[in-house]
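> How does the following fold in three dimensions:
(chains A and B)
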Amino acid sequence: LVTYNSVLQIFSKAGKFTEALDILAKMEREGIIPDAFTYNELAASYARAGLYEEAAALLDKMANKGIKPNFVTYTTLIHGYGNAGMIEKALHLFENMKKSGCPPSISTYNTVIAILGKKRRLNDMMDMLEEMRNYGCAPNRVTWNTILAMCGKQGMEKSLDRVYEVMMNHRVEPDRDTFETLITAYGRCGSTEDALKMFDEMLKSGFTPRITTYNAVLNAIARKGDSVAANSVINDMRNKGFKPDKISYSLLIQCYAKEKNLKGMEKIEKGVYSGKIYPSWIILRSLIIANFKCRHLEGTERAFHEVQKNGYKPDLVILNSMLSIYARNGLFEKGKEIFDLIKKLELKPDLVSYNCLMDMYAKGGEPWEAEQVLNGLTGIKPDVVSYNTVINGFCKQGLMKEALRVFSQMLREGLQPC
RNA sequence: UCACUUUACUUCUGU
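Coordinates of the predicted model:
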C-alpha cells in the first residue's frame, strides 16, 4: 500500500492525473484498499491544479468507502479552495471540519491564516490567530513566516518590522525560509537596504544561501531597476557555483524593463533567441511583458512570436498585452487578429480584453463602435475603465454630447467617476 | 507514503 501511495504521489506531483487515477484503479483491481493517504495525495494534486470541485468530491468518495477524512484531508481541501480564491467555501469547510469532530491542526490554522492574508482580510486573520491561541495552539515558525510574507505582499513595512520584532521576542528561531521570506518581503516594501541586511543576517546565522536566496535578493534589487547591482548578484552566484535559472533571468529582464534599458534587454534576447539561454515559458513571457512596459512594439511582437514558435499557449495576460499595445499603436487589424486568436485558443476574453478592444475603437476614431462593444457585453459588468474609454473616444471626436450621455449612463449604473 | 509558509512575471482608460 505504501509503495502504491508513493508511486501515486509521484504522478500527482507531476500533474499526471490519468496516470494517478490508473494507479488507484490498479490498486482496487489487486485488492489493495486505498487508505486516507491515498485520497489525501489525490486531493492535493487536484488542489494544486485548481480543481477544487474534483478535490472536494473526494470527501464523498471517502465516505462511501468508509474512510474517515482526517485533518490532512481537510487542510488540503481548504488550501485548494483558497488557491482558487473561493475563500467563503474554504472558511465554510473549516467550520464543517470542526463540527464533524475533526480537530484542526496547526497546519490547518496556518492554511486559513494564509488564505485570509492573501485576501487582505487582516481583521479576520487576527481573529483567527486569536482563536488559534484560545484553542491552545501556539503559532509555529510557519505561522510567523506566513505573517511576514503577508506583510511584504501588502507592502506594510512598519508591520513587517513589528512582526519580525515580536517573533524575535517570542524566541522563535528564524530558519532559512524565514530569511528568504524577509528578504522578499522587504524587497516588496521597496526597502532594498533592509532586504540586503536580512541576507547578511542569514549568512551570520550560519545558513548557506541557495539559488532561491539569490533570486530573492535579485528580486529586491530588480524592483529598483538597478541593473548594475543585479548583474553583480548574478556574478556572485556564479562564483558560488550557482547557474542563474529561469527566474534569475526573468528578474534581470524585469530589472531592465524597470530601468527602461532596452539595450540590456536585447542582450538577454540575443541569448534566448540564439538558444544560448533556454527559451522557457517564464523567460519568454517576461520578455513580452518587459517590452510591453517599455512600449516597444517590435520587441513585444518578437517575443510573442517566439512563444508560439516554441509551442507555448499564450495566456490572457499575454494576449491582453498584445491587444493593448496594438490599440496604442493604432494597429487595428492586428488587434482583431489577437481577438480571434483568443477565441481560437478557447480562452474567454475578460473585461480587460474588452476594454482594450474598446480602446482600439476609441483611439481609431470610432467611438460608436466602442460604445457598441460596451453595450453588447454579456455576462461581464463594465467597470469605470470601460466607461472612461468610451467617453474618451467621444471626447476625442469632439462629440461632447455623446460623451455626457455615456457619462450619465455610467452614473445610472452606480459607478463612481474618478 | 499525504497537507500549511518560504525566489519571477499580472495585462486595460484619463492626467
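> Around RNA strand B, which positions in the stretch 101-250 of chain A sit nearby?
Neighbours of RNA strand B within the stretch 101-250 of chain A, by CB under 7 Å from any atom of the strand: A:105-108, A:110-111, A:114, A:141-142, A:145-146, A:148-149, A:177, A:180-181, A:184, A:188, A:211-212, A:215-216, A:218-219, A:222-223, A:245, A:247, A:250. The way it works is simple: take the backbone N, C-alpha and C, and place the C-beta from them, glycine included.
> which residue ranges form the helices in the stretch 1-150 of chain A?
Secondary structure of the stretch 1-150 of chain A (DSSP state H, counting those that start in this stretch): helices located at A:2-13, A:17-29, A:36-48, A:52-64, A:71-83, A:87-99, A:106-118, A:122-134, A:141-153.
> need these in JSON lines with mean neighbour count, can you?
Converted to JSON lines, these look like this (neighbours: other CB atoms under 10 Å):
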{"stretch": "helix A:2-13", "mean neighbour count": "16"}
{"stretch": "helix A:17-29", "mean neighbour count": "14"}
{"stretch": "helix A:36-48", "mean neighbour count": "23"}
{"stretch": "helix A:52-64", "mean neighbour count": "16"}
{"stretch": "helix A:71-83", "mean neighbour count": "23"}
{"stretch": "helix A:87-99", "mean neighbour count": "16"}
{"stretch": "helix A:106-118", "mean neighbour count": "22"}
{"stretch": "helix A:122-134", "mean neighbour count": "14"}
{"stretch": "helix A:141-153", "mean neighbour count": "21"}
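> Compare those and report which one is nearest to residue A:328.
helix A:141-153 (29.7 Å; CB to CB).
> got a list of what the most centrally placed residue in chain A touches?
With distances taken as CA atoms, centre = their mean, residue A:83 lies nearest the centre of chain A, 9.6 Å away. Contact analysis of residue A:83 by CB atoms under 8 Å, 6 or more residues apart in numbering lists A:47, A:48, A:50, A:52.
> same deal with residue A:15?
Contacts for residue A:15 were tallied using CB under 8 Å, 6+ apart; they are A:45, A:48, A:49.
> And the second one, what's its pLDDT?
In this model, residue A:48 is scored at 91, pLDDT.
> Skipping adjacent residues, who's closest to it in space?
Excluding the flanking residues, the one nearest residue A:48 by CB to CB, 6 or more residues apart in numbering is residue A:15, at 7.2 Å.
> Check what pLDDT the one you found gets.
pLDDT recorded at residue A:15 is 79.
> What are the phi and psi values at it?
Note on residue A:15: its backbone torsions stand at phi 70, psi 20 [degrees, to the nearest 10].
> try residue A:33
Backbone torsions for residue A:33, taken as degrees, to the nearest 10, come to phi -80, psi 120.
> For RNA strand B, tell me which of the contacts of residue A:83 show up nearby.
Okay, of the contacts of residue A:83, nothing touches RNA strand B (CB under 7 Å from any atom of the strand).
> returning to that earlier point: and the residue nearest to the centre of chain A, how close does it get to residue A:77?
Residue A:83 is 11 Å from residue A:77, where distance means CB to CB, to the nearest Å.
> Give the residues shared as contacts by the two.
By the contact definition CB under 8 Å, 6+ apart, residue A:83 and residue A:77 are jointly contacted by A:47, A:52.
> can you give me the helices for the stretch 251-400 of chain A?
Using DSSP H, counting those that start in this stretch, helices in the stretch 251-400 of chain A cover A:262-273, A:281-293, A:297-309, A:316-328, A:332-344, A:351-363, A:367-376, A:384-396, A:400-412.
> Just put those in JSON lines and tack on distance to RNA strand B, mean neighbour count and mean pLDDT.
Formatted as JSON lines, the helices of the stretch 251-400 of chain A follow (distance: least, CB to the nearest atom of the strand, whole Å; neighbours: other CB atoms under 10 Å; pLDDT from 0 to 100):
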{"stretch": "helix A:262-273", "distance to RNA strand B": "13", "mean neighbour count": "17", "mean pLDDT": "98"}
{"stretch": "helix A:281-293", "distance to RNA strand B": "4", "mean neighbour count": "22", "mean pLDDT": "98"}
{"stretch": "helix A:297-309", "distance to RNA strand B": "11", "mean neighbour count": "17", "mean pLDDT": "98"}
{"stretch": "helix A:316-328", "distance to RNA strand B": "3", "mean neighbour count": "22", "mean pLDDT": "98"}
{"stretch": "helix A:332-344", "distance to RNA strand B": "11", "mean neighbour count": "16", "mean pLDDT": "96"}
{"stretch": "helix A:351-363", "distance to RNA strand B": "3", "mean neighbour count": "23", "mean pLDDT": "97"}
{"stretch": "helix A:367-376", "distance to RNA strand B": "10", "mean neighbour count": "18", "mean pLDDT": "97"}
{"stretch": "helix A:384-396", "distance to RNA strand B": "3", "mean neighbour count": "21", "mean pLDDT": "97"}
{"stretch": "helix A:400-412", "distance to RNA strand B": "11", "mean neighbour count": "15", "mean pLDDT": "97"}
